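Peer 1: the following block contains a protein sequence and its predicted model.
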Amino acid sequence: MTFNLLSQLSDRLMNKEDEDEGSPVDDVGVEIDDESDINFDVEEGEVKPVLLLNCGTWALTKTDEHRLDSFHRKQLRNTLGIRYPTIISNASLYKKCREAPLSMQVLEARWRLFGHLLRRDRNIPTNKAMLFYFSDNKRARGRPQTTLPITLNNDLKKLVATNLELTTQTDLDTLRLIAEDRPKWNALVAEIRKTAEAARSDDPASGQL
């Protein structure tokens, strides 16, 4: 999937070292004043809704997720008025701003939208497209593209307590049955996010959570 907006906002971040990465650093004490509160209101009310519009349909690569989170942290630091050489760890930044990595919010939106679609009538265009996708056994040669079904399947493969996956029509029917039970589906989504957050905290390339 081509993420044009994200690329335009973040390409320059990929050509230099982001100051919030690297070896651990001491956190700075940052107080959120009235002006910062106003800026956060703008961020929450105007910037984030535009940036995350229809994010439940995104199939992001690891690079896309890294760019998205890096861009988000840059905006949060700007809102707090933190400029180099003053530094703050990612964990403290998210805590002070009462925020979570956008990649985690995208993951949750992806699964909540998927569950909503699975509960809809099977004759709507989206569900017909899913039926066609999993009934087609032919796959193009070469490395598979990062599509939404592949992204959803990768999320499932990280779960150690289940044997769920999304590669066949049978897998789709199994997930449809789970989606019909909202508490069970919500528990699945929560477990997927929890697993993703744990994997993120263990991955040095993603920085501190």
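Peer 2: Structure received.
Peer 1: alpha carbons only for contacts and neighbour counts from here, please
Peer 2: Fine.
Peer 1: can you tell me the closest non-neighbouring residue to residue 97?
Peer 2: Nearest non-adjacent residue to residue 97, counting by CA to CA, 6 or more residues apart in numbering: residue 76, 7.2 Å away.
Peer 1: kindly report the same for residue 147.
Peer 2: Leaving aside its chain neighbours, residue 147 sits nearest to residue 59 (5.5 Å; criterion: CA to CA, 6+ apart).
Peer 1: in contact with residue 183, which residues?
Peer 2: Not one residue lies near residue 183 by CA atoms under 8 Å, 6 or more residues apart in numbering.
Peer 1: quick one, phi/psi of residue 53?
Peer 2: Backbone torsions for residue 53, taken as degrees, to the nearest 10, come to phi -60, psi 130.
Peer 1: burial count for it?
Peer 2: When neighbours are counted by other CA atoms under 10 Å, residue 53 registers 10.
Peer 1: now the helices for this structure?
Peer 2: 4-10, 34-42, 48-51, 62-80, 90-96, 102-119, 125-135, 148-157, 169-180, 182-201 (DSSP state H).
Peer 1: tabulate the ones you listed (JSON lines), appending mean pLDDT.
Peer 2: Formatted as JSON lines, the helices of the chain follow (pLDDT from 0 to 100):
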{"stretch": "helix 4-10", "mean pLDDT": "46"}
{"stretch": "helix 34-42", "mean pLDDT": "53"}
{"stretch": "helix 48-51", "mean pLDDT": "84"}
{"stretch": "helix 62-80", "mean pLDDT": "91"}
{"stretch": "helix 90-96", "mean pLDDT": "91"}
{"stretch": "helix 102-119", "mean pLDDT": "97"}
{"stretch": "helix 125-135", "mean pLDDT": "91"}
{"stretch": "helix 148-157", "mean pLDDT": "95"}
{"stretch": "helix 169-180", "mean pLDDT": "96"}
{"stretch": "helix 182-201", "mean pLDDT": "93"}
